[in-house]
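> got a predicted structure plus its sequence, pasted below:
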Amino acid sequence: MALPWKIIDQFFTEDEGKLELRQRGKKDFIITLGPQVLMNSMAQRSEIALGKLGAGALENHPAPRVLLGGLGMGITLRAVLDCLPETAKVMAWELNPKIYQWCQGELSDLNNGAVTDHRVCIKVGDVARGIKAVCQNRSNDRFDAIILDLYRGPHPRTDKKYDPIYGSRALEYTKKALNPGGVFAVWGENHDEGFMKRLAQAGFITEFKRPGKGGYSHAVFLASKKKTDTN
């Protein structure tokens, strides 16, 4: 018989409601938002694939810079770090400071101490503002990969122009924040043709992945900036 879930911690967000961290057994965790399960430590296939697909080409880069949006359980961050050299820098944005605390504490064994890795800089705040700020920064510290693992991915109801993450204006900022040849990788629940079209219209080379074989699997959207594109 399955063990009952135990609530480890909970907090209320201004817009979304109650977030809870629950555990049963040693490494069986879920994060819930009201009645909805957002993340499950036993079903992380797409998160691991997202990290590997987004950062996999940077293993031999002399000093890659990666921006990650969304910590979750730290699984994607761990997958990213496992692809990168010791000279890498990862700027990880998380909107909720409690999630960051969970990754440092209760979830640290699960993600193998990813948030305390010397290559990682944690930013508590809105990743959309972080991406936009890079475009306005005269130091031109662009990224070689931008990876978004947010609990809401692109979907047919996304505002095509004004969505702060997946809209056409936001994609312009994202493209400018990438170095030539850089990769933009996004987690989603399902395929979204509208998002793929907006990526192509922004000038990205696009690809869509369904990680794994058999059973329900989430989506990974991949977009590459052309190596000749310096804008």
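Structure received. Computed from a predicted structure; not experimentally measured. Numbers count the residues shown, from 1 in each chain.
> list the contacts of the residue lying closest to residue 112 once chain neighbours are set aside.
Counting by CB to CB, 6 or more residues apart in numbering, residue 78 is the residue found nearest to residue 112 once chain neighbours are left out, at 5.6 Å. All C-beta atoms are positioned from the backbone trio N, CA, C, and that covers glycine. Going by CB atoms under 8 Å, 6 or more residues apart in numbering, residue 78 touches 51, 111, 112, 114.
> derive a ChimeraX selection command for the buried subset of those residues.
Selecting the buried subset of the contacts of residue 78 in ChimeraX, with 16 or more other CB atoms under 10 Å as the burial test, is done by:
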select :51,111,114
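> using PDB, write out every CA atom in the longest strand belonging to the chain.
The residue-count maximum for a strand in the chain (DSSP state E) belongs to strand 178-188. What follows is strand 178-188 as a C-alpha-only set of coordinates in PDB (Å, rounded to 0.1, in the frame of the first residue of the first chain):
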ATOM      1  CA  LEU A 178      21.400  35.400 -27.000                       C
ATOM      2  CA  ASN A 179      24.900  35.200 -28.500                       C
ATOM      3  CA  PRO A 180      25.000  34.200 -32.200                       C
ATOM      4  CA  GLY A 181      24.300  30.500 -32.400                       C
ATOM      5  CA  GLY A 182      22.700  30.500 -29.000                       C
ATOM      6  CA  VAL A 183      19.900  28.100 -28.000                       C
ATOM      7  CA  PHE A 184      16.500  28.900 -26.600                       C
ATOM      8  CA  ALA A 185      14.800  25.900 -25.000                       C
ATOM      9  CA  VAL A 186      11.300  25.900 -23.500                       C
ATOM     10  CA  TRP A 187       9.300  23.300 -21.500                       C
ATOM     11  CA  GLY A 188       5.600  22.900 -22.400                       C
END
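> what's the angle from the helix or strand just after that strand to strand 178-188?
Past strand 178-188, further along toward the C-terminus, the next helix or strand under DSSP states H and E is helix 193-201. Angle of helix 193-201 versus strand 178-188, following axes from the mean of the first three to the mean of the last three CA atoms, to 10 degrees, is 180 degrees.
> tell me which residue is most central in this structure.
residue 149 (2.4 Å; CA atoms, centre = their mean).
> and of the contacts of residue 78, the nearest to residue 222?
Nearest to residue 222 among those, counting by CB to CB, is residue 51 at 12.3 Å.
> contact partners for that closest one?
Applying CB under 8 Å, 6+ apart, the residues near residue 51 are 75, 76, 77, 78, 79, 80, 82, 83, 147, 149.
> thinking the first one is in contact with residue 43, fair?
To tie it back to what came earlier, the one meant is residue 75. No: contact criterion CB atoms under 8 Å: residue 75 and residue 43 do not qualify, at 10.2 Å.
> comparing the two, which residue is more hemmed in?
residue 75 (25 against 14; other CB atoms under 10 Å).
> counting contacts, what elements does the helix or strand encompassing residue 39 pack onto?
Using DSSP H and E, residue 39 sits in strand 36-40. Counting contacts by 3 or more CB pairs under 8 Å, 6 or more residues apart in numbering; DSSP states H and E, strand 36-40 packs against strand 28-33.
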